[in-house]
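Build me a structure from this.
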Amino acid sequence: MNSANQTAKEIMENSAVVNLAAFIPLFREIGNLKRIRAANSSDSFAANLCRRAWSEIKGSAEARAVAVKICTDAIVEANLGAIDARVLQVDDLTETEIKLILRRAFDVVAAPINEIDENLRNEL
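Have a look, this model is predicted:
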């Protein structure tokens, strides 16, 4: 057995069992972002997320923090589309109200996925 297979086997033996099938609805929602565009953009939501991530990483942002933020935004956009914190600020909502709306949007898409590690879910 080569070392790559041993590493994968060790990872599987040492990690919690995850029901990957439970993630299929979430992955479908996020996958649809490559087909959806906001009215004010010629690019898809996925293209905009990718561009933003690379821009932040090139700007010396920490890669994990960027990944967490982009994943969170993808989950929220799967529910709200182009409505984000900037759009909600225009409506004179408080920061608490904006966070509540975004949290609910996240939960609508991700809440059925009980397989997400609680620490990761809180970070997202």
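
Does I36 touch D43 like I think?
No. Taking contacts as CB atoms under 8 Å, I36 lies outside contact range of D43: 10.5 Å. To be clear about C-beta, it is placed using only N, CA and C from the backbone, and glycine gets the same treatment.

Looking at the helix or strand containing I70 now, give me its mean pLDDT.
Secondary structure from DSSP states H and E places I70 in helix 63-80. What helix 63-80 shows for mean pLDDT is 91.

by contact count, what packs against that helix?
helix 24-31, helix 45-58, helix 95-110 (3 or more CB pairs under 8 Å, 6 or more residues apart in numbering; DSSP states H and E).

nearest to V68, of the ones you listed?
helix 45-58 (10.7 Å; CB to CB).

Tell me the buried residues in that closest one?
45-46, 48-49, 53, 56 (16 or more other CB atoms under 10 Å).

for the protein, where's the lowest mean pLDDT among helices and strands?
helix 3-14 (a mean of 55; mean pLDDT, DSSP states H and E).

Quick one: the helices and strands packed on helix 63-80 as a markdown table, columns for mean pLDDT and distance to V76 too.
Shown next, in a markdown table, are the helices and strands packed on helix 63-80 (pLDDT from 0 to 100; distance: least, CB to CB, whole Å):
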| stretch | mean pLDDT | distance to V76 |
| --- | --- | --- |
| helix 24-31 | 86 | 11 |
| helix 45-58 | 93 | 10 |
| helix 95-110 | 91 | 5 |
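
Dump those to TSV, plus distance to L124.
Shown next, in TSV, are the helices and strands packed on helix 63-80 (distance: least, CB to CB, whole Å):
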stretch	distance to L124
helix 24-31	11
helix 45-58	14
helix 95-110	7
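
Out of these, the one nearest A82 is which?
helix 45-58 (7.7 Å).

Which neighbouring elements make contact with the closest one?
For helix 45-58, the packing partners by 3+ CB pairs under 8 Å, 6+ apart are helix 63-80.
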